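**Q** give me coordinates for this.
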Amino acid sequence: MLLERERRMSALLLRLAPHEGYTQSLLDGVRFLRSDRPVARTPVLYEPSIVIVCQGLKRGYLDGQVYRYDAQHYLVLSVPLPFSSETDASPEHPMLAVSIRLDMTAVADLVMALAEAGKHPAAPPQGIVSTPLDEPLQDATLRLLDALSSPLEAKVLAPAIVREMCYRVLIGEQGGAIRAALGQQGHFGRVSRVLRRIHVDYSQQLDVSGMARDAGLSVAAFHTYFKTVTRTSPIQYIKSIRLHQARLMMIRDRLTAAAASARVGYESPSQFNREFKRLFGRSPGEEARCMAVAFSLFPAVEFRAEGEAGRSG
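**A** Below you'll find the model as predicted:
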């Protein structure tokens with residue numbers, strides 16, 4: 001039964017995602033991912049989301065940890081996180097996945113309903129988890145893909161199925177850690193609010209003492225809790241967000257490296273060039289040229305810094 005569902009989901013995704021890269025579905029917040037080739041480990045930026053791989057394999061790497069998401073495991077991010085990812089795929093066996101952006105208002109309602117029912121988080125909050133895909137969630141994923149094949153069903157049925165999927169995630173094997181994170185509890189919640197500010201004000205001057213003050217923490221405590229949530233320091237996190245956003249601007253808006261670096265808050269173009277190459281492995285100009293070719297070959301690719309900002313697939 002599980003294998004039959006996998007085959008059906010893959011068949012639907014092949015039709016729903018006819019090209020490599022990202023394809024926007026008929027429902028806002030839901031996108032399809034496809035790669036017909038392996039993609040080496042590369043920096044990406046994921047928004048808070050659920051990523052379910054129906055065929056193929058992806059691995060995420062963050063602070064020495066490996067997060068596997070494939071037909072048996074899915075990935076959940078409760079905060080926006082930059083990390084690195086690689087993809088196993090081939091033309092004969094493409095990687096096919098669906099990404100669901102988390103609506104924090106809807107998720108908060110579910111977390112509250114579960115708490116009222118006596119289901120309180122019994123695990124520390126986690127910003128990223130990879131967890132087994134159980135039969136109820138796999139069944140809901142198949143029904144979502146079916147609904148997204150029809151404009152009418154996408155409008156009428158798909159939103160309720162997405163809500164069900166969020167519920168299934170929250171009561172799953174690692175649901176306690178996810179509920180604790182999405183419920184914005186304790187120090188995790190304070191850091192999470194700072195992360196949201198960074199994603200809005202990344203081009204502004206952001207100092208650690210000011211962010212610590214906003215979180216109601218001492219600078220030392222803020223550093224500690226920030227690294228617990230993101231696995232990196234506040235300065236490195238801000239730098240990564242700025243570089244991902246600049247990369248997106250060069251690809252989507254056709255900005256020059258100098259213009260993009262200034263727009264995201266860099267005062268020194270040479271520093272921007274050095275840090276960009278250190279993160280992405282190519283100079284800004286090389287990266288923009290390579291991604292412009294990918295964009296022209298695969299127009300369905302949707303480059304979004306608030307989603308996965310890595311290379312297509």
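
**Q** which secondary structure element contains Tyr74?
**A** Assigned by DSSP states H and E, Tyr74 belongs to strand 73-77.

**Q** elements contacting that strand?
**A** strand 49-55, strand 128-132 (3 or more CB pairs under 8 Å, 6 or more residues apart in numbering; DSSP states H and E). Any C-beta I mention is one placed from the backbone N, CA and C, and that applies to glycine too.

**Q** please identify which helix or strand holds Arg163.
**A** Counting by DSSP H and E, Arg163 is found in helix 158-170.

**Q** where does the closest residue to Arg179 other than its chain neighbours sit: helix, strand or coil?
**A** Closest residue to Arg179 apart from its sequence neighbours, by CB to CB, 6 or more residues apart in numbering: Pro121 at 4.7 Å. Following DSSP: H, G, I helix; E, B strand; the rest coil, the label given to Pro121 is coil.

**Q** what is the neighbour count of Pro121?
**A** Residues lying near Pro121 (other CB atoms under 10 Å) number 20.

**Q** for it, what are its contacts?
**A** Gly176, Ala177, Arg179, Ala180, Gly183, Gln185 (CB atoms under 8 Å, 6 or more residues apart in numbering).

**Q** show me these that map onto helices.
**A** With DSSP state H as the criterion, helices contain Gly176, Ala177, Arg179, Ala180 from among these.

**Q** of those residues - the most surrounded one?
**A** Among these, Arg179 has the most neighbours (other CB under 10 Å), with 25 neighbours.

**Q** pretty sure it contacts Leu114?
**A** Yes - assessed by CB atoms under 8 Å, Arg179 is found in contact with Leu114 at 6.5 Å.

**Q** tell me if Val66 really is in a helix.
**A** No - applying three-state DSSP, one finds Val66 to be strand, outside a helix.

**Q** and the nearest residue to it once chain neighbours are set aside, what pLDDT?
**A** Leaving aside its sequence neighbours, Val66 sits nearest to Arg59 (CB to CB, 6+ apart; 5.8 Å). Note for Arg59: predicted pLDDT of 97.

**Q** what is the neighbour count of Arg59?
**A** For Arg59, using other CB under 10 Å, the count is 17.

**Q** that older thread, can I get the helices and strands packed on strand 73-77 in a markdown table including distance to Leu157?
**A** Converted to a markdown table, the helices and strands packed on strand 73-77 look like this (distance: least, CB to CB, whole Å):
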| stretch | distance to Leu157 |
| --- | --- |
| strand 49-55 | 18 |
| strand 128-132 | 25 |
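
**Q** of the ones you listed, which is nearest Ser149?
**A** strand 49-55 (14.1 Å; CB to CB).

**Q** quick one: distance of that closest one to the chain centre.
**A** Centroid displacement of strand 49-55 relative to its chain, using CA atoms, centre = their mean, to the nearest Å, is 10 Å.

**Q** what does stretch 257-270 give?
**A** 25 Å.

**Q** for the helices and strands packed on strand 73-77, which one sits closest to Ala221?
**A** The nearest among these, by CB to CB, is strand 128-132 at 21.9 Å.

**Q** what angle sits between that closest one and strand 49-55?
**A** When axes from the mean of the first three to the mean of the last three CA atoms, to 10 degrees is applied, the directions of strand 128-132 and strand 49-55 differ by 40 degrees.

**Q** packing partners of strand 128-132?
**A** So strand 128-132, by 3+ CB pairs under 8 Å, 6+ apart, packs with strand 57-62, strand 65-70, strand 73-77.

**Q** one more time with 10 Å, if that's ok
**A** The contact analysis (3 or more CB pairs under 10 Å, 6 or more residues apart in numbering; DSSP states H and E) places strand 128-132 against strand 57-62, strand 65-70, strand 73-77, helix 175-182.

**Q** where does the prediction get shaky in this protein?
**A** The chain contains residues with pLDDT under 70 at 2, 184-185, 291-313.

**Q** quick one, strands of it?
**A** For the chain, applying DSSP state E gives strands covering 21-24, 30-35, 39-46, 49-55, 57-62, 65-70, 73-77, 81-88, 95-101, 128-132.

**Q** how far does the second one sit from the chain's center?
**A** Here strand 30-35 is found 12 Å from its chain centre; the criterion is CA atoms, centre = their mean.

**Q** need the contact list for Gln72.
**A** Taking CB atoms under 10 Å, 6 or more residues apart in numbering, we find Gln72 in contact with Leu2, Glu6, Val53, Leu57, Pro132, Leu133, Asp134, Gln138.
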